[in-house]
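S.K.: from the sequence below, what's the structure:
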Amino acid sequence: MHGTRMASTTWEYHLLAYLLTYVRTQAALAEWQPQLLAQLHRCLGGTAPLRPLVSIGSGVSELVLAPVQTYRNHGLVLRGLRHGSNIFARNLFVEGMSLASQILLFSQAALETLAAAREGSWPEA
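M.R.: Take a look at the predicted model:
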């Protein structure tokens, strides 16, 4: 009977430790949630599939916001439009070249694989 009580105590101890850990984790998440949500866009923007969209979106926002900000500060619209369009064009060009590079690399790999299949030997990875 004494051994059963010991196992029950061990089980209760593990359950209590689990519950305390859960409560601490929930409290920490509740405290950190605003900061985590405020920086989520940075984490998602850094992922490879979303990076071009973020870059082009940044260029579009500069294309729209730069003339407004320049007009508010200096009363000049065309300078802000020129600045915003330069940033947009640069971002679009860089992402277009990156996409073209990736397409060419994929095409090269596919053609090399087809050529190796035609010759009867597979390339080593």
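S.K.: gap between residue 51 and residue 35?
M.R.: Going from residue 51 to residue 35 by CB to CB, to the nearest Å gives 23 Å. Placement of C-beta: from N, CA and C, glycine included.
S.K.: export the worst-scoring helix or strand of the chain on mean pLDDT as CSV, just CAs?
M.R.: Here the helix or strand of the chain ranked lowest by mean pLDDT, DSSP states H and E is helix 40-45, holding a mean of 75. Provided in CSV are the C-alpha atoms of helix 40-45 (Å, rounded to 0.1, in the frame of the first residue of the first chain):
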residue,chain,number,x,y,z
LEU,A,40,5.4,38.9,-37.2
HIS,A,41,5.5,40.8,-40.5
ARG,A,42,9.3,40.9,-40.2
CYS,A,43,9.6,37.2,-39.8
LEU,A,44,7.2,36.4,-42.6
GLY,A,45,8.8,39.0,-44.9
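S.K.: next up, the contacts around the residue most central in space within the chain.
M.R.: Central residue check for the chain by CA atoms, centre = their mean: the C-alpha nearest the mean position is that of residue 44, 2.4 Å away. By CB atoms under 8 Å, 6 or more residues apart in numbering, the contact list for residue 44 reads residue 50.
S.K.: on the three-state scheme, residue 106 is what?
M.R.: helix (DSSP: H, G, I helix; E, B strand; the rest coil).
S.K.: how far away is it from residue 119?
M.R.: Using CB to CB, residue 106 is found at 21 Å from residue 119.
S.K.: next: residue 92.
M.R.: Taken as CB to CB, the span from residue 92 to residue 119 is 41 Å.
S.K.: which parts of the protein are helices?
M.R.: Using DSSP state H, the helices of the chain run over residues 2-38, 40-45, 51-74, 78-119.
S.K.: deepest in the core, which of those is it.
M.R.: Mean neighbours per residue, mean count of other CB atoms under 10 Å, is largest over these for helix 51-74, with a mean of 15.
S.K.: mind saving the C-alpha coords of that helix as PDB?
M.R.: Output of helix 51-74 as PDB, limited to C-alpha atoms (Å, rounded to 0.1, in the frame of the first residue of the first chain):
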ATOM      1  CA  ARG A  51      10.400  38.200 -49.900                       C
ATOM      2  CA  PRO A  52       9.700  39.400 -53.500                       C
ATOM      3  CA  LEU A  53       6.100  40.300 -52.600                       C
ATOM      4  CA  VAL A  54       7.300  42.300 -49.600                       C
ATOM      5  CA  SER A  55       9.900  44.100 -51.700                       C
ATOM      6  CA  ILE A  56       7.500  45.000 -54.400                       C
ATOM      7  CA  GLY A  57       4.900  46.000 -51.900                       C
ATOM      8  CA  SER A  58       7.400  48.300 -50.200                       C
ATOM      9  CA  GLY A  59       8.100  49.900 -53.600                       C
ATOM     10  CA  VAL A  60       4.400  50.400 -54.200                       C
ATOM     11  CA  SER A  61       4.000  52.000 -50.800                       C
ATOM     12  CA  GLU A  62       6.900  54.400 -51.500                       C
ATOM     13  CA  LEU A  63       5.400  55.200 -54.900                       C
ATOM     14  CA  VAL A  64       2.200  56.300 -53.100                       C
ATOM     15  CA  LEU A  65       3.500  57.700 -49.800                       C
ATOM     16  CA  ALA A  66       6.700  59.600 -51.000                       C
ATOM     17  CA  PRO A  67       4.700  62.300 -53.000                       C
ATOM     18  CA  VAL A  68       2.400  62.800 -50.100                       C
ATOM     19  CA  GLN A  69       5.200  63.100 -47.500                       C
ATOM     20  CA  THR A  70       7.200  65.400 -49.800                       C
ATOM     21  CA  TYR A  71       4.100  67.600 -50.400                       C
ATOM     22  CA  ARG A  72       3.500  67.900 -46.600                       C
ATOM     23  CA  ASN A  73       7.100  68.700 -45.900                       C
ATOM     24  CA  HIS A  74       8.200  70.900 -48.800                       C
END
